[in-house]
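**Student:** quick one, what's the 3D model for this:
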Amino acid sequence: MLGQIFAGPYPAADPDLAFVLIDSQGLAGYIVATADTNAFEQWCEENWWPALREQYPASMAIDTVDGNQDWRRIQAIHAASPTQDELLKDYPAHLHINLIPRAQGAGAGRALIQIMIAALRQRGVTGLHLGVGSGNPDARKFYLAMGFREARVRDGGSTMVLTLRT
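**Tutor:** Okay, here's the model as predicted:
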């Protein structure tokens, strides 16, 4: 279900902002983005969420107390609403990146982000934001090293931003 929320809709909405990392063993990671978060959310509301809402009815959003958090994801699918955030004015784009362990620490993440930044700049995008969970301090350090800064810090993590104007 995670992939249906945080990966799948991006290449469906805008295939030019989806890149995969393939190594000698096969698929090792991906990066996906949208140049305009609000337009992407509207696209999802019209084209992506309806099928998922049918596949995962709201009645399935029950905490099974077994550690599985899919019930929260089902709630989110049914409660999707446009992001109302001042950050989107200057940082309208957002991304998701995921590398499996064998691909981490060798520069592949940096390369994927640089490729995505170039693609977003080509479109004239002014800024990019992303979320980092508080349980992922290595990712936070990585993004800081990539030039992102923390725009907002909360208990669950932080929102990091990067200006793309050249």
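
**Student:** how about the helices in the protein?
**Tutor:** Along the chain, counting by DSSP state H, helices occupy 2-6, 9-13, 37-47, 49-55, 70-78, 87-90, 108-122, 137-145.

**Student:** could you name the helices and strands sitting against the first one?
**Tutor:** Contacting helix 2-6 under the criterion 3 or more C-beta pairs under 8 Å, 6 or more residues apart in numbering; DSSP states H and E are the following elements: helix 70-78. From N, CA and C alone the C-beta is placed, and that goes for glycine too.

**Student:** ok, the fifth one next?
**Tutor:** Other elements packing on helix 70-78 under the criterion 3+ C-beta pairs under 8 Å, 6+ apart are helix 2-6, helix 49-55.

**Student:** including distance to residue 20, could those go into CSV?
**Tutor:** Formatted as CSV, those follow (distance: least, C-beta to C-beta, whole Å):
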stretch, distance to residue 20
helix 2-6, 13
helix 49-55, 22
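
**Student:** out of those, which comes closest to residue 138?
**Tutor:** Closest of those to residue 138 is helix 2-6, at 18.7 Å (criterion: C-beta to C-beta).

**Student:** burial of the nearest residue to residue 16 once chain neighbours are set aside, as a residue count?
**Tutor:** In space, and not counting its chain neighbours, residue 16 is closest to residue 119: 6.8 Å by C-beta to C-beta, 6 or more residues apart in numbering. Neighbour count for residue 119, taken as other C-beta atoms under 10 Å: 19.

**Student:** need the pLDDT of residue 119.
**Tutor:** Residue 119 is assigned 98 on the pLDDT scale.

**Student:** my read: it touches residue 17, true?
**Tutor:** Yes - the criterion here is C-beta atoms under 8 Å, and residue 119 meets it with residue 17 at 6.0 Å.

**Student:** centroid-nearest residue for the protein?
**Tutor:** Centroid-nearest residue in the chain, with C-alpha atoms, centre = their mean: residue 96, separated by 2.8 Å.

**Student:** tell me the bridge partners for that residue.
**Tutor:** Beta-bridge pairing for residue 96 (DSSP bridges): residue 32.

**Student:** am I right that it is in contact with residue 37?
**Tutor:** No - contact criterion C-beta under 8 Å: residue 96 and residue 37 do not qualify, at 12.0 Å.
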